[in-house]
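In: pasted the sequence and its predicted model underneath.
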Amino acid sequence: MTGWTTVDRIKAVVAAEFDVPIMEMVSNRRSRPVVIPRQAAIALAYSLTPHSSGMLGRLFGNRDHSTIIYARQKISKLRNDDRVFDERMRRIEARLKPPERSAEVQLEFLIGPLFDAPASCQAAPMELAA
């Protein structure tokens with residue numbers, strides 16, 4: 001998946017999907033209802049943000065970078081083994097995906113009002129002092 005989102009947004013969407021408070025996902029709790037959403041958020045954050053494992057460890061409760069690597073592996077295995085879990089992750093990814101913009105809208109942005117300012121907004125030509 002391409003395009004960046006924020007770790008905070010990922011945490012919020014995952015927390016909502018798994019019905020877990022965000023603060024629990026960054027806590028030291030190790031119970032399954034908290035660990036799986038935390039690992040899912042970590043895996044998504046690794047693939048959807050430019051952050052390193054070390055930085056993600058800090059953003060998820062000062063965890064070691066090896067914990068981030070383990071979370072990615074665990075979620076990958078869960079997705080391969082559990083179709084329902086994979087569908088849940090796809091639903092989360094869809095919510096995190098930026099809205100599609102057509103090429104026409106993008107082109108309109110490039111040639112639109114930013115570059116074709118109305119006459120009332122255009123600066124008068126400056127005269128150079130002799």
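Out: Thanks, I have the structure now.

In: what are the buried residues along stretch 18-25?
Out: Using 16 or more other CB atoms under 10 Å as the test for burial, stretch 18-25 gives 18, 20, 25. Every residue, glycine included, has its C-beta placed from N, CA and C.

In: which single one of those residues is nearest to residue 97?
Out: Nearest to residue 97 out of the buried residues of stretch 18-25 is residue 18 (CB to CB; 18.6 Å).

In: OK, contacts around that closest one?
Out: 33, 36-37, 40 (CB atoms under 8 Å, 6 or more residues apart in numbering).

In: could I get these in CSV, plus columns for pLDDT?
Out: What follows is the contacts of residue 18, written out as CSV (pLDDT from 0 to 100):
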residue, pLDDT
33, 92
36, 97
37, 97
40, 98
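
In: most neighbours of all the residues you listed, which one?
Out: residue 40 (25 neighbours; other CB atoms under 10 Å).

In: and that residue, what does it touch?
Out: Contacts here follow CB under 8 Å, 6+ apart; on that basis residue 40 touches 14, 18, 75, 89, 92.

In: top of those by number of neighbours, please.
Out: Among the contacts of residue 40, residue 14 has the most neighbours (other CB under 10 Å), with 27 neighbours.

In: check which helix or strand it maps to.
Out: helix 7-18 (DSSP states H and E).

In: just the C-alphas of that helix, formatted as CSV.
Out: Extracted in CSV, the C-alpha atoms of helix 7-18 (Å, rounded to 0.1, in the frame of the first residue of the first chain):
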residue,chain,number,x,y,z
VAL,A,7,0.7,6.6,13.5
ASP,A,8,-2.0,8.4,15.6
ARG,A,9,-4.6,7.8,12.8
ILE,A,10,-3.6,4.1,12.6
LYS,A,11,-3.9,3.7,16.3
ALA,A,12,-7.3,5.3,16.3
VAL,A,13,-8.7,3.2,13.4
VAL,A,14,-7.3,0.0,14.9
ALA,A,15,-8.5,0.8,18.3
ALA,A,16,-12.0,1.5,17.0
GLU,A,17,-12.1,-1.7,14.9
PHE,A,18,-11.0,-3.9,17.8
